[in-house]
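Peer 1: quick one, what's the 3D model for this:
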Amino acid sequence: MTQTTPDPNLFPATPTDAPGVPVSGPREDAENGAANGSVNGSPQKRGSLVGGALTEEALASSRRVLHKSRGNKNATIGLQQWFSPPEAANLIAGVMSDRWDTPGAVLDPTAGAGALLEPYPAGKRFGIEIDADHVPDTGTAEPAQDGLDGRVSYRGIGGDAQRVIPMLRAAGVRFPAIVLNPPFGLDWRDAVHAGGRAEKQINSTALAYLWALDLLKQFGQGAMICGTDRLAKEVLSRPEGRGVYAVVDVEGPLFPGVALPTSIAFFVRPDDLSDGISVLPRRGETGLPAVPPAHFTARRESLPGLADSVTAARDARANYVSTHARLDELVDGFRAVEREHGRRLKAARSKKAAQDFDLDLRGSKVSVGLSAYTQLALSNVTRLREVQLLANNHVSYFSQNKRGWRQLQTLEADGLVSISPALRGAATKAVEEAEALSTPLFPLKKQMRLGWLADLDRIACTSGDPKYGFVAGESYELSTRSKVASETQERVVENRRGEHELRRFTTERKLLEVRVGSHTFDEGNENIQFLTDHFDFPDPGCVASRFPELVSDRRALLRHIERKNNFEFKLFQIDHLSRLLVRGRGLLAHEQGLGKTLMLMALAEALRYLGAAPYSLFVSPQDLGAQWARESKRFFNRRLEVIRTPGEARRVADRVEAGEAGWWWTYFEALSIVGRKKELLPHTPLRPAEDLQRRLLTYKRAKKSRAAITASEVRTLTAQAENTGPDPYDDYLPKAIPHGPSTRDACPECGADTAAGWTGEVCHAPKRCVTHDSGRCPEDGIGCVFRGCGYVHRSVYVKSAYSHITTAFEDGVTCVDEISEIRGEDSLRSKSVRALGRGPHKFGATGTPLSNFLADSYYPIGWSLGFGTPQFPYDHARGRSKFESDFCTIEHMHGREEDDEENVKKSRKILPQITNVSQFWRLAQPSISRCRKEQTGEPLVERTYYPIRVPMGVAQQEMHAYWMDNFPEYFRWKDPHHAFVKKGLVEKYAATLGLLWRLEHASTLPAADEPSRHYPDAAGELTELSNFTPATLKVLEIAMSHAENGEKVLIGSDLVRTGLFLSERLQEKGVNSVHITEERAGKVGTKNPRKRAREVEAFARGKAQVLCAGVGAMKLGHDLHAASTVIVLGLPYSFMALDQFLARVHRLSSPKPVSVYVVIPNGSLAVDKWELLKDKGGASDLAFDGELSVQPEEAIDWNEVLRNMKARGIQAAGNEVPESEVEAAWREVAPLRPAMPPRRIRQRPPGSSGLLPGPQPVYGQPSLFDLSA
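Peer 2: The predicted model follows:
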């Protein structure tokens, strides 16, 4: 700022009628002129604002800057300033530094030339000054040397305090000491201190004091020079004025030549006082105790001598003061604000349209590029992580998260972030379009409306609560925000070397926070229950209530379809289909047995009437082909044309493009696997030079063979060959090229030869360290990462069926049954089906949309609703991580402290707990049609469980005990070079390495366990194993009993060979039994889906009485309602698999009550599995059903289960039964009819061959053993 002399017309140096009041003007005008102080006491900077200080920013800082002074029309008021006298600066510094040498850092928000900062070390001075002439010109806000141009150096930000201080406040930059000498009579603005009214003006003295409190850290202290009257009227009269503990009134002029009553106020934060008042009263409130500040009086030259008295007054009032501050953090924060302020000024003054924004639009994705200041500011209001997670989201994300968009706009209004116009426009449009698409399909339970609270500003109380002060009939201010809750804990974990170490874990989850009045609630069960009981939640309605005409039209259309095709929908099917047809796409998440096949066909038929192209594609597991063909013929008299090969897919695509109408069906394997070819690459030299020479020679030979040659040239070349040998230009290099090693001899990737693991096709070379160049590190080396080569010398040509029909059905209808099968991110099945997602009419169907690991439902839901659409605003390519962050609990494990990586997140794990459930309800309810059997209103037969515990066989129990004790030795014998063997980790990871399957065979089908026969130690120690155990006998007895009564029985197991053994035994007794196994490459395995479907059809609609199958092979799609009995021997590890298997029988169409027998050998692994599966039973799909308590499906640590079993010392229970007696008992069972010829399988496994001779007593006599439940 240009230094000028004071205007004598404005501030005459004449006697006064009263102390400090100029004769020529009122005191108000005099106070309007006072401002910042002096260097070495020189009254150089005073007068009106002229020269370099007259900037647009300075003029915009207050409307009173250009006001004319009373009595002098040529003079302006408001920015006239005086340099602070050194006596005042020394007094303030003496109070601030009474216990320590200097404060940790000191800020002057109106620094001017830095006179108040002069007593402090240069490195600890910070200041703000609108006058660029007084700000150190270092470019990095670094202090220069004192004395340059007569100025005091400090780290400075050149700008208007009205803009800079809110930025410091938002960034959380706090100082232990603040000194200030603000202009006395200006009017400034700050919405925070004006009740949110940005246009309201506040006197500069009062606002400067409030700013000082904002920027003062806890236990900090400050001092302010101001007019005496302004102090009393604008500061001490405010509730915040309690922080002033001492006032020094200056006798006579503080500024030379200016007769203005001046005071110096010393203050701390009101909360740091020891007056016993913790809450500030409202302005004007009375009745609260008020302790006036201590008053002192002194002339200017005597001010430094009052330091001890002011300090004593502070110690009497303040609890504690501290000058401590981390200077490096202050400098970083101050620099970040300085850079951001400069960027904003540059953007405001720039005439170019393009500028940097914190949030921008890149294509259709949100781009997040936060400056250091923005990160500080957002972190200070705990919103940083939430904004960072917006990166790479599709802009339609805001259509489902309008609360988040409103919060962003609030952050922008507060100056914490900047949003580009492009993003603002796109987000606003997405939010507007989503209004119609966000209507739920069905009326919501009250607690499920929680996600719609974000649309309200006020909420009405329906039931009062004296504890919280809520009154019935009143309405309260409502605000919602989504926050990321982080929890940190330390746990002891075991590393790969088996050592225990302490690691830090951080758990992140997103939660909805609801603020009603002054009280805050989260998504806890008790809080949600309280809100639903006491407040009127908004009802978003449903499709039928908001669009009744559309729903009515769709129902009429469905009635027309059923009349035309001579069948009748169930009422619940009409209701769900009519609502889904309003949407045009969605997910049919009905439980098994509710007719999803028929409903998908009905959707395709109805959409043809509504304008979709007249061709439809249906995709399902291959097993269900016969069922789809049968129901298509039954309900719609249509023949489904099957796509089995890529050639058929290509021809269908051509026909569809030509306009042919029809229905086509295909299966997952046809889309993803059929047509894939793997070919061995040609072998080439390993040396690049040799390879190049040979390719060059081949090229020259080809070129020469095509070149024209005359007869004379032929004779000449022939003569040369006869006289001098071969032509030097004909095959001139065959002997010169050395024949080095080729890819037949060594791996082209790592160079391993055939002795080191190269097979000519696949490299099995041992693992080596990839962290260090030598690669020869010890296997327990610190920081080493070991990887094998694994190179495969094959070329894979992929041209599967999906590549031909990706866009063929884009304008038609595509329906995918059992869409939960595409949950994998990298599986061929998932990628192939996801490629069919183009177009507006896509429907998925599944009975199990969620197994509590919500991340697995990302692709099924996204495909059905449409990736990157208002219904599902998550991008296909990179939206999964955002989906997981929004609705899944994520745990990060940090690095080791000894490696200085305790703050580095080393691993990321998705936990089963669902979070932010209110927002998930808002996402799911508008497009996902969920229905349980109990909700249909249709009659449903009962399903009853009968767990039956049986003893183990003698050899069976010996086998179980043997493997519990000797599995590590077996594994070391089988694979001595395994990494876990070398590291001594076999015992720790025994369950993963195969012990579970040994115990599974022991409890289910002992003789089918190959290691028990082939491991020499086991073969020599174990008694001869047999599959005739008490458990298998009990299964056979139950099956024969129900078959004798004319019932159909489904037997399931988690082992493939169990079905074969049981089926053959039943056939021996004349029971018409089928199984789904076959021999492949000398081993028994499950039949392929097509053959399997024939066996299932024979059981469902044929004469077969018993079907023996694997649980995993029969868990999807099949309709086996003809059966009424299910027997399980060998439980699966997943409750979802078991529940789906049982749902094949328990359906709406089931004519009889369903009995489920679970046979459990005592003392076996099946006991623990059954207890764990029962606990999981209530955990499925609760997020879709709107339950208040979402119960997690905890992951099972089977290593821990086995360790506990071993610790208990599993022993014989004393009632073990010899297998020979069990077999003899079976021989005595009378057949129902003559034995059926068994299906012959070559190389039949032990224990499963041959018809058993012996007497055949009448069936129905009691068993030799008491095996009842």
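
Peer 1: going by C-alpha atoms from here, please, whenever you check contacts or count neighbours.
Peer 2: Fine.

Peer 1: now do the lengthiest helix in the chain: everything it contacts.
Peer 2: Assignment by DSSP state H gives helix 327-349 as the longest helix of the chain. Residues outside helix 327-349 that contact it (C-alpha atoms under 8 Å, 6 or more residues apart in numbering) are 104-105, 124, 140-141, 157, 159, 164, 167-168, 171, 173-175, 355, 371-373, 376.

Peer 1: list the buried ones in it?
Peer 2: Within helix 327-349, the residues scored as buried using 16 or more other C-alpha atoms under 10 Å are Leu330, Val331, Gly333, Phe334, Arg335, Ala336, Val337, Glu338, Arg339, Glu340, His341, Ala347.

Peer 1: before we move on, the earlier item: might you specify the subset of the contacts of helix 327-349 located within helices?
Peer 2: Using DSSP H, Val164, Met167, Leu168, Ala171, Ala372, Tyr373, Leu376 are the members of the contacts of helix 327-349 that sit in helices.

Peer 1: number of residues surrounding the fifth one?
Peer 2: When you say that, I think you mean Ala372. 16 (other C-alpha atoms under 10 Å).

Peer 1: how about it, what does it touch?
Peer 2: Residues near Ala372 by C-alpha under 8 Å, 6+ apart: Ala336, Glu340.

Peer 1: that one and Leu1036, how far apart?
Peer 2: Here Ala372 is placed at a distance of 72 Å from Leu1036 (C-alpha to C-alpha, to the nearest Å).

Peer 1: how about the last one?
Peer 2: With the distance defined as C-alpha to C-alpha, Leu376 ends up 71 Å from Leu1036.

Peer 1: what does the domain assignment say about the protein?
Peer 2: 27-76, 356-437, 677-687+741-797, 954-1021, 1030-1227 (automatic domain parsing).

Peer 1: mind checking the end-to-end distance for the second one?
Peer 2: Start to finish, the residues bounding domain 356-437 are 33 Å apart (C-alpha to C-alpha).

Peer 1: give me the average confidence score over it.
Peer 2: Taken as a whole, domain 356-437 carries a mean pLDDT of 84.

Peer 1: and what of the longest one?
Peer 2: Looking at domain 1030-1227 alone, the average pLDDT works out to 77.

Peer 1: number the residues from 57 up from this point.
Peer 2: Okay, residue one is now 57; in that scheme the one you just asked about reads as domain 1086-1283.

Peer 1: which residues are contacting the strand or helix carrying Leu587?
Peer 2: Using DSSP states H and E, Leu587 falls within helix 581-590. Contact partners of helix 581-590, identified using C-alpha under 8 Å, 6+ apart, comprise Lys502, Gln503, Cys517, Thr518, Ser519, Gly520, Asp521, Phe577, Asp578, Leu1244, Ser1245.

Peer 1: which elements pack onto the lengthiest strand in the chain?
Peer 2: Longest strand in the chain, counting residues (DSSP state E): strand 531-550. Helices and strands touching strand 531-550, by 3 or more C-alpha pairs under 8 Å, 6 or more residues apart in numbering; DSSP states H and E, are helix 440-444, helix 458-469, strand 514-516, strand 556-572.

Peer 1: circling back: list the buried residues of whatever helix or strand comes next after the helix holding Leu587.
Peer 2: Downstream of helix 581-590, the next assigned helix or strand under DSSP H and E is helix 599-602. By 16+ other C-alpha under 10 Å, the buried positions in helix 599-602 come out as Val599, Ala600.

Peer 1: isn't His948 up against Lys962?
Peer 2: Yes. Here His948 reaches Lys962: they are 7.1 Å apart, a contact under C-alpha atoms under 8 Å.

Peer 1: of those two, who's got more company?
Peer 2: Taking other C-alpha under 10 Å, His948 and Lys962 do not tie; His948 has more neighbours (18 against 12).

Peer 1: what about Ser963, which SS state?
Peer 2: Using DSSP: H, G, I helix; E, B strand; the rest coil, the secondary structure recorded for Ser963 is strand.

Peer 1: His948 is in contact with that one, correct?
Peer 2: Yes. Using C-alpha under 8 Å, Ser963 is in contact with His948, at 5.5 Å.

Peer 1: averaged pLDDT, the helix or strand Glu725 falls within. What do you get?
Peer 2: Here Glu725, judged by DSSP H and E, is contained in helix 724-728. In this model, helix 724-728 has an average pLDDT of 86.

Peer 1: which residues touch that helix?
Peer 2: 675-678, 699-702, 856-858, 884-885, 887-889.

Peer 1: do stretch 1206-1216 as well
Peer 2: Stretch 1206-1216 is contacted by residues 996-1006, 1087, 1090-1091, 1177-1186, 1201-1202, 1222-1223 when judged by C-alpha under 8 Å, 6+ apart.

Peer 1: now list the buried members of these.
Peer 2: Buried members of those, scored by 16+ other C-alpha under 10 Å, are 996, 999, 1003-1006, 1087, 1090-1091, 1177-1186, 1201-1202, 1222-1223.

Peer 1: in strands, which of the residues you listed appear?
Peer 2: Filtering the buried ones among the contacts of stretch 1206-1216 for strands - DSSP E - leaves Arg999, Pro1003, Ile1004, Arg1005, Val1006, Thr1181, Val1182, Ile1183, Val1184.

Peer 1: tabulate these in CSV, adding columns for distance to Ser420.
Peer 2: As requested, those are arranged in CSV below (distance: C-alpha to C-alpha, whole Å):
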residue, distance to Ser420
Arg999, 50
Pro1003, 55
Ile1004, 59
Arg1005, 60
Val1006, 62
Thr1181, 54
Val1182, 52
Ile1183, 53
Val1184, 51
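
Peer 1: spatially nearest residue to Val869 (excluding sequence neighbours)?
Peer 2: Take Val869 and drop its neighbours on the chain: the residue closest to it by C-alpha to C-alpha, 6 or more residues apart in numbering is Ser672, 4.7 Å away.

Peer 1: that neighbour contacts Ala660, doesn't it?
Peer 2: Yes. In this structure, Ser672 is within contact of Ala660 by C-alpha under 8 Å, at 6.6 Å.
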